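**Student:** Structure for the following, please:
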Amino acid sequence: MKYKFLFLLLSFLVQVQSQELVKGFVYLADVDSSIKSELRYFSNQNFIGKPIDGYKNNCVIVTKETAKVLKIIQKKLLKEGLSLKIFDAYRPQQAVDHFVKWAKELNDTLMKKEFYPKVPKSELFKRGYIASKSGHTRGSTVDLTIVNIKTGKELDMGSPYDFFGAKSHPFYRKITEKQKENRMLLRRIMLKNGFNPYDNEWWHFTLKNEPFPKTYFNFPVQ
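**Tutor:** As a prediction, this is how the structure comes out:
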């Protein structure tokens, strides 16, 4: 009897948690489980060096419209032995606030060597690397790359994800021809399927007809 009660309680909690997802949003894995992900802000492997506020589970959340288009793109890539890999998608406002607070703490440079070696932390706001609002918070922006399914390795894009510097610009010239080719492969397939690129980051794309163009959400990733 005791175990039956615990099972029912657990089932209820799972249902409640799933009901908390804001209307219009979905878990990407529920739409296409073949799309790979590595939610960097849920881990220590990011420019701050520790998990970010609001990321409570390693799951990718996006608007329904975004998920549908990513599924279409994934289907095309799979035919070539490739797959999308998501680094970040919906990002709660509390995470953005965490970035802003961190940027003001000038002595906290734990990950400077890896993510912003040539950029003074005091200039992160001025140069546009940190802002008080993010398109991610509207739910239709994704940070992503492409991986080779057979090897499991990411295609070489010439700079790491979330690197603060000119070499992250999509058309940066001082990289190899293969790296340029990989960037353009990602860019072409995203643009062809209705995403807009971002001038300073090869990995960043926003759905053109996003459903919440002026709404910044703050529910946690869980």
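**Student:** Distance of residue 35 relative to residue 220?
**Tutor:** 21 Å (CB to CB, to the nearest Å). The C-beta positions use only the backbone N, C-alpha and C, and glycine is treated the same way.
**Student:** And residue 92, by the same measure?
**Tutor:** Distance from residue 92 to residue 220, by CB to CB: 6 Å.
**Student:** Overlap of the contact sets of those two?
**Tutor:** 54-55 (CB atoms under 8 Å, 6 or more residues apart in numbering).
**Student:** of these two, who's got more company?
**Tutor:** residue 92 (25 against 14; other CB atoms under 10 Å).
**Student:** Tell me where the model's unsure across the protein.
**Tutor:** Scanning the chain for pLDDT under 70 picks out 1-19.
**Student:** check contacts around the closest residue in space to residue 61 that isn't next to it in sequence.
**Tutor:** In space, and not counting its chain neighbours, residue 61 is closest to residue 90: 4.2 Å by CB to CB, 6 or more residues apart in numbering. Going by CB under 8 Å, 6+ apart, residue 90 touches 25, 60-63, 136-137, 139, 217, 221.
**Student:** From residue 154, how far off is the most centrally placed residue in the chain?
**Tutor:** Nearest residue to the geometric centre of the chain (CA atoms, centre = their mean): residue 88, 1.4 Å. For residue 88, the distance to residue 154 equals 15 Å [CB to CB].
**Student:** Then residue 161?
**Tutor:** 9 Å.
**Student:** which residues do the two both contact?
**Tutor:** residue 145.
**Student:** Of these two, which one has the most company?
**Tutor:** Of the pair residue 161 and residue 154, residue 161 is the one with more neighbours under other CB under 10 Å, namely 23 against 17.
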